[in-house]
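K.L.:
need a 3D model of the sequence below.
(one chain, ligands or ions: 1)
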Amino acid sequence: MPGTARPWRQPHLTPEQAEERDQQARIERLERVGVMPGEHPAPVDVGVLDTMASILADAVVIADEIHHRTLIAAPEAPSTAYADARPYLNYAARNLHFTDIADWAAPIACKMVDQTARTLALVLDGQFLDVECPWCHGVTEQAPAGGARTWRVYALPGDMIAIVCEGICEPPHREVGTWWRGHPCWPLSDWEGLARRVMPEAEQAAHAREMIAS
Ligand SMILES: [Zn+2]
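P.N.:
Next comes the predicted model:
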């Protein structure tokens, strides 16, 4: 449009200015994510996006195959590579048993679980969980009175994703399958049992009474 000022002008930066701007951006980014010197930020965003796209693609393949064989109405094709995969997963879960492709779909589903776990580890590695350990009650050397958050997620060697209690913690043998560097350690497969152990306090109290009575 004649007479309209250009709303934005390409800035002309000298190489030094550009370098300074990039340096500033790096510093701001580091400050924003709270990464301290010596820590290694995981490439979280890329990993999560890759996993989202891959799970969506696999879910759509399975849903398409089911639709092709059963003609049961399926969700419309996803709008982007990062769309929500859940409608396709729900569709597959509801309708897979009408087909004979379970053997074909099973390894794809296993891959999704595996990828999700790896991505969770990327995001969660080193994170403390906002839970008080039911065995040590958060007693640590720094917090002798308890109450500290001691459950931490680690991606351990061998692709094992585990919760490790870093408190002064010795659960009874039947409550812990593995130890890691002297700390009780629960691999992903035990997390459902763990989740039950950190249920509301009323349940915990009832459970504690049972333990005392037995
Ligand atoms: Zn503990």
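
K.L.:
need the helices for this protein, in chain order.
P.N.:
All helices of the chain, identified by DSSP state H, fall at 15-33, 44-70, 86-95, 102-124, 191-197, 201-213.

K.L.:
for this protein, what lies in contact range of the ion?
P.N.:
Contact residues (CB under 5 Å from the ion) of the chain with the ion: 133, 135-136, 165, 167, 169. The way it works is simple: take the backbone N, C-alpha and C, and place the C-beta from them, glycine included.

K.L.:
which of those fall in strands?
P.N.:
Of the residues of the chain next to the ion, the ones assigned to strands by DSSP state E are residue 165.

K.L.:
farthest-separated two in the residues of the chain next to the ion?
P.N.:
Pairwise distances across the residues of the chain next to the ion (CB to CB) peak at 8.0 Å, for the pair 135 and 167.

K.L.:
the more surrounded of those two?
P.N.:
A side-by-side neighbour count of residue 135 and residue 167, using other CB atoms under 10 Å, places residue 167 first with 23 against 19.

K.L.:
tell me the contacts of that one?
P.N.:
Shown in contact with residue 167 (CB atoms under 8 Å, 6 or more residues apart in numbering): 133, 136-140, 148, 150.

K.L.:
and residue 141, by the same measure?
P.N.:
Counting by CB under 8 Å, 6+ apart, residue 141 touches residue 168.

K.L.:
same check on residue 104?
P.N.:
By CB under 8 Å, 6+ apart, the residues touching residue 104 are residue 65.

K.L.:
likewise for residue 185?
P.N.:
Residue 185 sits next to 156, 162-165, 176-179 when contact means CB under 8 Å, 6+ apart.

K.L.:
swap the cut-off to 10 Å and go again
P.N.:
Contact analysis of residue 185 by CB atoms under 10 Å, 6 or more residues apart in numbering lists 154, 156, 160, 162-165, 176-179.

K.L.:
among those, which one has the most neighbours?
P.N.:
Busiest of the contacts of residue 185 [other CB under 10 Å] is residue 165, holding 26 neighbours.

K.L.:
who does that one bridge with?
P.N.:
With beta bridges defined as DSSP bridges, residue 165 has these partners: residue 151.
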